[in-house]
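> Predicted model, plus sequence, below.
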Amino acid sequence: MDISIGINNSPREINFESAQSSSEVESIIAEALNSDAKYVSLRDAKGKLYIVPTAAVAYVELGEEESRRIGFVA
(Lines give C-alpha, C1' and ligand atoms only; values in the text may rest on other atoms or scores of the structure.)
Protein backbone atom coordinates (compact mmCIF):
# COMPACT_ATOMS: atom_id res chain seq x y z
CA MET A 1 0.00 0.00 0.00
CA ASP A 2 1.26 3.49 -0.84
CA ILE A 3 1.44 6.06 1.97
CA SER A 4 1.95 9.80 1.47
CA ILE A 5 2.40 12.12 4.45
CA GLY A 6 2.25 15.87 3.91
CA ILE A 7 4.44 17.99 6.18
CA ASN A 8 3.51 21.53 7.30
CA ASN A 9 5.62 24.30 5.72
CA SER A 10 7.38 21.85 3.43
CA PRO A 11 6.89 21.57 -0.34
CA ARG A 12 7.75 17.87 -0.30
CA GLU A 13 5.88 14.93 1.14
CA ILE A 14 7.04 11.59 2.54
CA ASN A 15 6.16 8.70 0.19
CA PHE A 16 6.71 5.01 0.85
CA GLU A 17 5.12 1.59 0.46
CA SER A 18 4.03 -0.40 3.49
CA ALA A 19 3.16 -4.05 3.97
CA GLN A 20 0.52 -3.06 6.56
CA SER A 21 -3.13 -2.74 5.62
CA SER A 22 -4.77 0.66 5.29
CA SER A 23 -6.90 0.05 8.39
CA GLU A 24 -3.78 -0.71 10.47
CA VAL A 25 -2.00 2.44 9.30
CA GLU A 26 -5.13 4.52 9.80
CA SER A 27 -5.55 3.30 13.39
CA ILE A 28 -1.86 3.93 14.21
CA ILE A 29 -2.02 7.50 12.91
CA ALA A 30 -5.43 8.26 14.44
CA GLU A 31 -4.33 6.95 17.83
CA ALA A 32 -1.15 9.08 17.75
CA LEU A 33 -3.09 12.21 16.81
CA ASN A 34 -5.89 11.63 19.32
CA SER A 35 -3.57 10.84 22.23
CA ASP A 36 -1.40 13.95 21.71
CA ALA A 37 1.66 11.78 21.07
CA LYS A 38 4.80 13.65 20.03
CA TYR A 39 5.45 11.46 16.99
CA VAL A 40 4.12 8.60 14.89
CA SER A 41 6.39 5.86 13.61
CA LEU A 42 5.73 3.64 10.58
CA ARG A 43 7.80 1.02 8.74
CA ASP A 44 7.97 0.64 5.00
CA ALA A 45 7.97 -2.61 3.05
CA LYS A 46 11.79 -2.74 3.09
CA GLY A 47 12.09 -2.25 6.87
CA LYS A 48 12.98 1.46 7.02
CA LEU A 49 11.54 3.32 10.00
CA TYR A 50 9.86 6.69 9.48
CA ILE A 51 9.36 8.87 12.56
CA VAL A 52 7.18 11.92 11.92
CA PRO A 53 6.32 14.57 14.53
CA THR A 54 2.54 14.71 14.84
CA ALA A 55 2.59 18.52 15.08
CA ALA A 56 4.07 18.65 11.55
CA VAL A 57 1.51 16.34 9.88
CA ALA A 58 -0.61 18.26 7.38
CA TYR A 59 -2.33 15.24 5.80
CA VAL A 60 -2.02 11.49 5.32
CA GLU A 61 -2.98 9.83 2.05
CA LEU A 62 -3.45 6.05 2.01
CA GLY A 63 -3.43 4.37 -1.40
CA GLU A 64 -5.00 1.15 -2.48
CA GLU A 65 -3.18 -2.12 -2.32
CA GLU A 66 -2.40 -3.25 -5.85
CA SER A 67 0.02 -5.57 -7.52
CA ARG A 68 2.51 -4.14 -9.96
CA ARG A 69 2.35 -5.13 -13.58
CA ILE A 70 5.39 -6.67 -15.17
CA GLY A 71 6.17 -6.28 -18.85
CA PHE A 72 4.97 -3.97 -21.56
CA VAL A 73 1.40 -2.78 -21.75
CA ALA A 74 -0.01 -1.72 -25.13
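Arrived safely, thanks for sending.
> so what pLDDT did Ser21 get?
Ser21 carries a pLDDT value of 88.
> next one: Ala45
So Ala45 comes in at 89 (pLDDT).
> now Val52: how far from Phe72?
Distance, Val52 to Phe72, using CB to CB, to the nearest Å: 37 Å. All C-beta atoms are positioned from the backbone trio N, CA, C, and that covers glycine.
> Show me which of the two is the more surrounded one.
Val52 (17 against 5; other CB atoms under 10 Å).
> Help me confirm that that one comes into contact with Ser10.
No - counting by CB atoms under 8 Å, Val52 sits too far from Ser10 to count as a contact (11.1 Å).
> Identify the bridge partners of the residue positioned nearest the centre of the chain.
The centroid of the chain falls nearest to Ile3 when counting by CA atoms, centre = their mean (3.4 Å). Beta-bridge partners recorded for Ile3 (DSSP bridges): Phe16, Leu62.
> so it touches Glu64, yeah?
No - the pair formed by Ile3 and Glu64 falls short of the contact definition of CB under 8 Å, at 11.5 Å.
> could you show me where the helices are in the protein, in order?
22-34 (DSSP state H).
> so how many other residues sit close to the closest residue to Glu26 other than its chain neighbours?
Among residues not flanking Glu26 along the chain, Leu62 sits closest, at 6.5 Å (CB to CB, 6 or more residues apart in numbering). For Leu62, the number of neighbouring residues by other CB under 10 Å comes to 18.
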